[in-house]
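Asks: Could you look at this predicted model? Sequence included:
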Amino acid sequence: MISEFLSYGFVQKGLLAGSLVAASCAILGVFLVLKRLSLIGDGMSHVCLTGVAVALLTSANPVYVSVPVVMISSLGIMKLTQKFRIYGDAAIGIVSAAGLSVGLLITALAGGFNTDLLSFLFGSILTVSWTEAALCGGLLAVILILLHVFFRALTSTCFDEPFAKTRGISVQSVNTVLVVITSVAVVLAFKVVGIFLISALLIIPPVSALLVSRTFKQVLWKAVIFSVGCVWTGIFISFMWDIPSGAAIILMNLAVLSSCFGWSKIRGKQHD
Amino acid sequence: MSSVLKTENLSFAYERINVLENISFDVQAGDYVGIIGPNGGGKTTLLKVILGLEKGKGSIRWFGTPSAQFKDWWKIGYLAQKSPVSQSRFPISAEEVVLMGLAERCGSGVSVGELKSIYEAMQQTNTRQYVGKLFHDLSIGQQQRVLLARALVSRPQVLILDEPSTALDASSREMFFNLLGELNQKHGVTILLITHDTGEVGKHISKFMYIDKRLVFFGTKEEFCHSPEVAKQLGAFAQHTIDHLHNRHGHCPLGDSCVECHHD
């Protein structure tokens, strides 16, 4: 059964792209969760709808249209918090509502897009192209290089932003790069789990890893393993039982989170 | 003596309310400056502005270089009053926190030289026993000592501390201030310290800076203690500080040279 599953070209592409984007989201998610910016993924995913609607209206590739739209919106969230001193969650809510309403407006004006739009809302990992898989690979490579070079600046900024500034680290640049890269990850992830579930890929694996880790590096690699493992098992379950792959992936992530929570409780009692 | 930190007409306003007004001073290498003043007088804001955490008006020069062009931030160690992460479950060990004092360097690995610096800083602050322990599992006082090690790991020439002893017990506080005194006396580290605990630190401090939105007083401890004009100008708070320096702990920080103590 497993060899048959792995023999299909569309499954291979789905697994490759899904693994690459899941690993990217897991790494970025660790920093977003620790910086209490995890809901930014939710906001960006709503803005994705605008990009997808514009792309479908103009017959362009939704990925290429959504990347700049989501990037500009995420920078807008940062500007709202920095310049106008609006709380981060409120800024995310404002931009998210704007993105969703503009997307719905364009959809309504165009007379609806039927199945095309639905596939973006709920994910269609098995329709990923080789180009999109290569983009996912490029994204992960960029993240890994930045992580290696700026590991200390990133961890320091997450842990204690004022102290990081006193080390001469440009905290604003670190935050901007983090948010811009997350924008690209969010857009590439909507093919995997769908617009509605993107934020789960950014939040659940890091939270699971945080429950069962003792060092920062452990959190990073455990989040990646949990996330990629859930993509593989989720796609396999979806293939076996003919259910939506995005939902299966997220349900697997929730199962891992429950296990980690149980494990941390048991460990906590042992330590007590 | 060379200038370590020089400010000219430094001002800061928060939502149109003046917090600091035209503050000018020059801290020399080897000074141990106790920054005092009433609550809300702008002491913490002053430290934030000189460290670039808040943007003020006026001129700040670190080691003769305007702060906008200053690059050698490793020369400055900073310890805040309270760690912003003290309540969170950030998964990081004590020694990883100390390593953050070298965060301006690139790369994810740790060199042998850096490891040596980390263990030296932890030895100095008596925190080596916390190696391998999660930072958030330590008590607030233990965390504060680890954060002092983080401030020391780059072997700074200046230490800036904002009421660092608030969370420490009596023995840790004594160790803490003795260490600061040793760093200042033996290694020539310049120290700027916000404190209300003038009695205990008084024996180490060489200069006082009194901030109440404006720079009310900046001078030697002797000038501060013995000038009746200062007491008159500064009012009840300064008199309380002088009383504290002379009486509370049964010793005078000026030792035998203090005319007032011998007079008493």
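Replies: Looks like it came in fine.
Asks: pLDDT weak spots in the chain?
Replies: Picking chain A for this. A:112-117, A:269-272 (pLDDT under 70).
Asks: I was thinking of chain B, sorry if that wasn't clear
Replies: Along chain B, the model assigns pLDDT under 70 to residues B:1, B:83-88, B:106-108, B:198-201, B:227-264.
Asks: Just give me the longest helix of it.
Replies: helix B:170-187 (DSSP state H).
Asks: Just the buried positions in that one, please.
Replies: B:172, B:173, B:176, B:177, B:179, B:180, B:181, B:183, B:184 (16 or more other C-beta atoms under 10 Å in any protein chain shown). Backbone N, C-alpha and C define where each C-beta goes, glycine included.
Asks: wouldn't residue B:194 be in contact with residue B:159 here?
Replies: No: Residue B:194 lies out of contact with residue B:159 (C-beta atoms under 8 Å); the separation is 11.9 Å.
Asks: before we move on, the earlier item: so which elements touch the longest helix of chain B?
Replies: Judged by 3 or more C-beta pairs under 8 Å, 6 or more residues apart in numbering or on different chains; DSSP states H and E, helix B:170-187 is in contact with strand B:32-36, helix B:140-152, strand B:158-162, strand B:190-194, helix B:198-201.
Asks: That helix: how far from the chain's middle?
Replies: 12 Å (C-alpha atoms, centre = their mean, to the nearest Å).
Asks: picking that back up, could you export the helices and strands packed on helix B:170-187 as a markdown table, including distance to residue B:223 and mean neighbour count?
Replies: Formatted as a markdown table, these follow (distance: least, C-beta to C-beta, whole Å; neighbours: other C-beta atoms under 10 Å in any protein chain shown):
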| stretch | distance to residue B:223 | mean neighbour count |
| --- | --- | --- |
| strand B:32-36 | 13 | 24 |
| helix B:140-152 | 29 | 23 |
| strand B:158-162 | 23 | 22 |
| strand B:190-194 | 18 | 23 |
| helix B:198-201 | 15 | 20 |
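Asks: With distance to chain A added, can I get these in CSV?
Replies: Shown next, in CSV, are the helices and strands packed on helix B:170-187 (distance: least, C-beta to the nearest C-beta, whole Å):
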stretch, distance to chain A
strand B:32-36, 17
helix B:140-152, 8
strand B:158-162, 8
strand B:190-194, 13
helix B:198-201, 22
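Asks: Let me have the buried residues of helix B:170-187 in a markdown table, extended by distance to residue A:74.
Replies: Converted to a markdown table, the buried residues of helix B:170-187 look like this (distance: C-beta to C-beta, whole Å):
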| residue | distance to residue A:74 |
| --- | --- |
| B:172 | 44 |
| B:173 | 46 |
| B:176 | 43 |
| B:177 | 47 |
| B:179 | 45 |
| B:180 | 44 |
| B:181 | 49 |
| B:183 | 44 |
| B:184 | 47 |
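Asks: which of those lies closest to residue A:33?
Replies: residue B:172 (32.9 Å; C-beta to C-beta).
Asks: looking at the helices and strands packed on helix B:170-187, which is closest to residue A:108?
Replies: helix B:140-152 (54.6 Å).
Asks: contact partners of the closest one?
Replies: Outside of helix B:140-152, the residues within contact range by C-beta atoms under 8 Å, 6 or more residues apart in numbering or on different chains are A:163, B:77-80, B:83, B:86, B:94, B:97-98, B:100-101, B:118, B:121-122, B:124-127, B:130, B:135, B:138, B:159, B:161, B:164, B:167-169, B:172, B:176, B:179, B:183.
Asks: Need the distance between the two termini of stretch A:53-69.
Replies: Terminal residues of stretch A:53-69 are spaced 11 Å apart (C-alpha to C-alpha, to the nearest Å).
Asks: Residue numbers of chain A in contact with chain B?
Replies: Contact residues, chain A versus chain B (C-beta under 8 Å from any C-beta of the partner chain): A:34, A:147-153, A:155-156, A:158-169, A:210, A:213-216, A:218-219.
Asks: Just the buried ones from those residues?
Replies: A:34, A:147, A:150-153, A:155-156, A:158-169, A:210, A:213, A:216, A:219.
Asks: filter the contacts of helix B:140-152 to the buried ones?
Replies: Judged by 16+ other C-beta under 10 Å, buried ones among the contacts of helix B:140-152: A:163, B:77-80, B:83, B:86, B:94, B:97-98, B:100-101, B:118, B:121-122, B:124-127, B:130, B:135, B:138, B:159, B:161, B:164, B:167-168, B:172, B:176, B:179, B:183.
Asks: Looking at those, which are in strands?
Replies: B:77, B:78, B:79, B:159, B:161 (DSSP state E).
Asks: was I right about the first one contacting residue B:154?
Replies: Okay, so that is residue B:77. Yes: the criterion here is C-beta under 8 Å, and residue B:77 meets it with residue B:154 at 6.7 Å.
Asks: Now do the shared contacts for those two.
Replies: Common neighbours of residue B:77 and residue B:154 (C-beta under 8 Å, 6+ apart) are residue B:101.
Asks: Please enumerate residues in contact with stretch A:156-175?
Replies: Contacts of stretch A:156-175 (C-beta under 8 Å, 6+ apart): A:31, A:34-35, A:78, A:82, A:150, A:153-154, B:48, B:51-53, B:71, B:73-74, B:76, B:78, B:80, B:83-85, B:90, B:92, B:97, B:100-101, B:103-104, B:150.
Asks: State the distance from residue A:65 to residue B:21.
Replies: Distance, residue A:65 to residue B:21, by C-beta to C-beta, to the nearest Å: 52 Å.
Asks: And for residue A:72?
Replies: The spacing between residue A:72 and residue B:21, counted by C-beta to C-beta, is 41 Å.
Asks: Which one of these two is surrounded by more residues?
Replies: residue B:21 (16 against 12; other C-beta atoms under 10 Å in any protein chain shown).
Asks: Excluding its own residues, what touches the helix or strand hosting that one? List them.
Replies: Assigned by DSSP states H and E, residue B:21 belongs to strand B:17-28. Contacts to strand B:17-28, defined as C-beta under 8 Å, 6+ apart, come from residues B:1-13, B:33, B:42, B:45-46, B:49, B:56, B:58, B:190, B:192, B:207, B:209, B:211, B:213-215, B:218.
Asks: which of the residues in that strand are buried?
Replies: By 16+ other C-beta under 10 Å, the buried positions in strand B:17-28 come out as B:19, B:20, B:21, B:23, B:25, B:27.
Asks: mind putting these in JSON lines, distance to residue A:231 included?
Replies: As requested, the buried residues of strand B:17-28 are exported to JSON lines (distance: C-beta to C-beta, whole Å):
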{"residue": "B:19", "distance to residue A:231": "52"}
{"residue": "B:20", "distance to residue A:231": "54"}
{"residue": "B:21", "distance to residue A:231": "59"}
{"residue": "B:23", "distance to residue A:231": "57"}
{"residue": "B:25", "distance to residue A:231": "59"}
{"residue": "B:27", "distance to residue A:231": "57"}
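Asks: count of residues packed around residue B:3?
Replies: Around residue B:3 there are 13 other residues, counting by other C-beta under 10 Å.
Asks: which phi and psi does it have?
Replies: phi -80, psi 130 (degrees, to the nearest 10).
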